[in-house]
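Colleague: Quick one, structure for this:
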Amino acid sequence: MIMKTQGGAIAISRQCSRARQQGLSLIELMITMVLGLIIIAAVFNMYAGSSRSARYTEGLQSMQENGRYGVSVLQRGLRLAGFSTDDDIEAFDIAASGVSTIGIRSEQPYDCNGLDTTPTDGVAVNVYRLDAASGELTCQGNQGGAPMAVVEGVDRFRLLYGIDDDGDSETEEPQNYVPYDATLNSADIVAVRFALLVNSGQPIRTRAVSKDYVLLDEEYTYDDRVAREVFTSTIKVRNRQ
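Modeller: Here you go, the predicted structure:
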């Protein structure tokens, strides 16, 4: 009687052990896999969203910094137009200027390339122009230096010249803003208005967007994923003949 009881107890113990050693059923395994895939997808979406957000923010910051710096450089250069400690000099080199190019003349020891202006009697002619191929605003001095990149990520550079044509030499206020013309007289230019269209440097939008940008008297349309912003300023020419 005791042996039967012990044999039955041993049999029950073995059955319980086998029950504890059984693996997951097919349904349980499929549920586990689905839950794992859901978690992985959620993590991936969070990572992708975070990357897009970081790229968008970085692009906007780069665009703002480049735009503000470009405006600052041009403002500083234009305020020096016509500056001289002795003789009066023309503020602008009309022959070197254009629709998206402006030649600024001033008395300085060095041109924008850092080269000595002694060979030209201390007069620097700094020409700012848009290099459409590289998307850069460049500056080139008159002492033989190569164009130097000033601002990157520039799509457009537009200039208007403020003309004092009312015959009043005392006020020197612009009555009209006109685009570049080879017949412009440097002595008639009392102000310069410029606009820069600066881009984000890389596609940062999730889809292409068609948008119009107005630069002074011109309008341009872009349809892509790149963000852009227009930066403008008007500078009065104070160092005139």
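
Colleague: biggest helix in the chain by residues?
Modeller: Ranked by residue count, the top helix of the chain under DSSP state H comes out as helix 26-79.

Colleague: Now do the helix or strand following it: distance to the chain's middle.
Modeller: Sequence order places strand 101-107 as the next helix or strand after helix 26-79, per DSSP states H and E. Remark: strand 101-107 is offset 24 Å from the chain centroid, using CA atoms, centre = their mean, to the nearest Å.

Colleague: Show residues contacting strand 101-107.
Modeller: For strand 101-107, the external contacting residues (CB atoms under 8 Å, 6 or more residues apart in numbering) are 77-78, 80-86, 89-97, 122-130, 159, 180, 192, 194, 239. No exception for glycine: its C-beta is placed from N, CA and C like everyone else's.

Colleague: What's the PyMOL line that selects buried ones from those residues?
Modeller: Filtering those down to the buried ones (16 or more other CB atoms under 10 Å) takes a single PyMOL command:
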select buried, resi 77+78+80+81+82+83+84+89+90+91+92+93+94+96+97+122+123+124+125+126+127+128+129+130+159+180+192+194+239
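
Colleague: From M46, how far out is Y128?
Modeller: Applying CB to CB, to the nearest Å, the value for Y128 to M46 is 45 Å.

Colleague: likewise E152?
Modeller: According to CB to CB, E152 and M46 sit 32 Å apart.

Colleague: In this protein, where is pLDDT below threshold?
Modeller: Within the chain, the ranges that satisfy pLDDT under 70 run 1-24, 47-51, 167-171, 240-241.

Colleague: who touches the residue nearest the centre of the chain in this structure?
Modeller: Centroid check for the chain by CA atoms, centre = their mean gives M63 as the closest residue, at 3.0 Å. Residues in contact with M63 (CB under 8 Å, 6+ apart) are G153, V198, N199, S200, G201, A227, R228, E229.

Colleague: Restricted to strands, list those residues.
Modeller: With strands taken from DSSP state E, the overlap with the contacts of M63 comprises V198, N199, R228, E229.

Colleague: Buried among these? Make that a PyMOL selection.
Modeller: Once 16+ other CB under 10 Å is used to decide burial, the buried members of the ones in strands among the contacts of M63 can be selected in PyMOL as follows:
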select buried, resi 198+199+228
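
Colleague: just to revisit the earlier point, grab the nearest non-local neighbour of the residue nearest to the centre of the chain.
Modeller: Closest residue to M63 apart from its sequence neighbours, by CB to CB, 6 or more residues apart in numbering: S200 at 4.7 Å.

Colleague: any idea how far the one you found is from K211?
Modeller: From S200 to K211 the distance is 13 Å (CB to CB).

Colleague: joint contacts of the two?
Modeller: Joint contacts of S200 and K211 (CB under 8 Å, 6+ apart) are R228.

Colleague: Between these two, which is the more surrounded one?
Modeller: S200 (23 against 13; other CB atoms under 10 Å).

Colleague: doesn't L60 make contact with that one?
Modeller: Yes - look at S200 against L60 with CB atoms under 8 Å: they come within range, at 6.5 Å.

Colleague: shared neighbours of the two, anything?
Modeller: With CB under 8 Å, 6+ apart, S200 and L60 have common neighbours A227.

Colleague: quick one: contacts for P203?
Modeller: D224, R225, V226.

Colleague: Measure how buried the second one is and give me the count.
Modeller: Burial measure for R225: 14 neighbouring residues, criterion other CB under 10 Å.

Colleague: what does the last one give?
Modeller: Around V226 sit 20 other residues, with neighbours defined as other CB under 10 Å.

Colleague: right, and it touches L197 too?
Modeller: No - contact criterion CB under 8 Å: V226 and L197 do not qualify, at 11.0 Å.
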